[in-house]
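Curious how this folds, go ahead:
(one chain, ligands or ions: 1)
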Amino acid sequence: MAQDPDHASVPGTPAGGRVILLNGTSSSGKSSIAGELLDVLDGTWFHMPVDAFHAMRCKREIAEEDLQAEVDRTVKGFHRAVAGMAAAGNNLVVDHPLSRRWRLLDLLDVLVPENTVLVAVRCPLPELERREAERGDRQPGLAALQYHRVHSHELHDIDVDTSVHSPRECAVRISDALPDLPRPTAFETLRRTLRRPGRSPRKHR
Ligand SMILES: Nc1ncnc2c1ncn2[C@@H]1O[C@H](COP(=O)(O)OP(=O)(O)OP(=O)(O)O)[C@@H](O)[C@H]1O
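Numbers count the residues shown, from 1 in each chain. Now for the predicted structure:
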């Protein structure tokens with residue numbers, strides 16, 4: 001290795017990292033699977049939950065009318081933080097509900113589609129509502145609100161059902177599927193169909 005006594009050489013960048021994007025409603029089990037994936041996957045991976053970015057915000061009260069804009073700005077920054085970590089060669093497990101259409105469209109613009117694995121984390125609504133009531137730390141009705149939105153674009157690379165499998169079993173299924181995923185990836189197809197240059201953008205919600 002070359003000498004660099006002043007530590008002035010910017011470290012080289014390996015090929016872009018892989019991003020496993022866990023997409024499901026609140027209480028579907030994304031964080032639980034992410035924790036298991038870090039244990040199951042070979043090599044070094046980071047868990048990047050959008051919740052961690054919301055938790056970084058100062059505790060000053062936000063006016064009701066400003067709240068959605070604050071949340072959207074945080075989410076948009078989170079997307080770019082994910083893209084930046086991956087661009088530096090880090091492998092990531094991202095835990096994020098695609099509960100508004102613009103979130104998917106924005107991620108299609110900033111992530112490398114061939115390096116992105118889109119996982120549908122599914123769970124029937126009655127079980128989601130049971131978990132939501134049991135944990136008590138989520139706004140009641142949040143899972144129901146997101147239920148018909150998060151998977152509305154339909155296409156994913158891998159599906160798991162957390163009402164049938166434990167977080168560990170879901171993580172093993174995802175890990176086992178990685179080497180043989182068909183191409184094009186869901187993100188490649190979605191980018192081609194939803195983000196074609198010159199196509200008028202659909203309304204972002
Ligand atoms: N496969 C599973 N089987 C049974 N219970 C589960 C399973 N996965 C998660 N749970 C339970 O569901 C609750 C929510 O799990 P978790 O925090 O992983 O969900 P989440 O999708 O990350 O939620 P949020 O987006 O609200 O943070 C927890 O109480 C967890 O123990």
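
The nearest residue to residue 168 once chain neighbours are set aside: neighbour count?
Of all residues not flanking residue 168 in the chain, residue 36 sits nearest, at 4.8 Å (Cβ to Cβ, 6 or more residues apart in numbering). Backbone N, C-alpha and C define where each C-beta goes, glycine included. Neighbourhood size, residue 36 [other Cβ atoms under 10 Å]: 21.

Is it correct that residue 36 is in contact with residue 162?
No - contact between residue 36 and residue 162 fails when scored by Cβ atoms under 8 Å: they sit 11.2 Å apart.

any residues in contact with both of those two?
residue 170 (Cβ atoms under 8 Å, 6 or more residues apart in numbering).

which helix in this protein runs the most residues?
Longest helix in the chain, counting residues (DSSP state H): helix 64-87.

so after it, what's the next helix or strand?
Per DSSP states H and E, the first helix or strand lying C-terminal to helix 64-87 is strand 91-95.

still on that earlier bit, which parts of the longest helix of the chain are buried?
Residues of helix 64-87 classed as buried under the neighbour-count rule (16 or more other Cβ atoms under 10 Å) are 75, 78-79, 81-83, 85-87.

when you scan that helix, is anything in it near the ligand?
No - using Cβ under 6 Å from any ligand atom, helix 64-87 never reaches the ligand; the gap is at least 13.0 Å.

got the angle for that helix vs strand 91-95?
Here helix 64-87 runs at an angle of 160 degrees relative to strand 91-95 (axes from the mean of the first three to the mean of the last three Cα atoms, to 10 degrees).

Tell me how far whichever residue of the chain sits closest to the ligand lies from residue 78.
Proximity of the chain to the ligand (Cβ to the nearest ligand atom) peaks at residue 29, 2.8 Å away. Separation of residue 29 from residue 78 (Cβ to Cβ, to the nearest Å): 20 Å.

Same check on residue 185?
For residue 185, the distance to residue 78 - Cβ to Cβ - is 21 Å.

what do you get for residue 102?
From residue 102 to residue 78 the distance is 13 Å (Cβ to Cβ).

same deal with residue 138?
Counting by Cβ to Cβ, the gap from residue 138 to residue 78 is 19 Å.

Could you do residue 119 as well?
From residue 119 to residue 78 the distance is 18 Å (Cβ to Cβ).

again with residue 18
Relative to residue 78, and taking Cβ to Cβ, residue 18 is found at 18 Å.

and the chain, which residues reach the ligand?
24, 26-32, 51, 95, 131, 135, 138, 162, 166-167.

which one of the residues you listed is nearest residue 110?
residue 95 (17.0 Å; Cβ to Cβ).

Contacts only, for that closest one.
Residues in contact with residue 95 (Cβ under 8 Å, 6+ apart) are 22, 30-31, 34, 47-51.

Show me which of those are buried.
Buried positions within those, assessed by neighbour count (16+ other Cβ under 10 Å), are 22, 30-31, 34, 47-50.

quick one: the helices in the protein?
30-40, 50-55, 64-87, 101-110, 125-135, 142-147, 167-177, 186-194.

could you dump those to TSV with mean pLDDT?
Formatted as TSV, the helices of the chain follow (pLDDT from 0 to 100):
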stretch	mean pLDDT
helix 30-40	98
helix 50-55	96
helix 64-87	97
helix 101-110	98
helix 125-135	98
helix 142-147	98
helix 167-177	98
helix 186-194	97
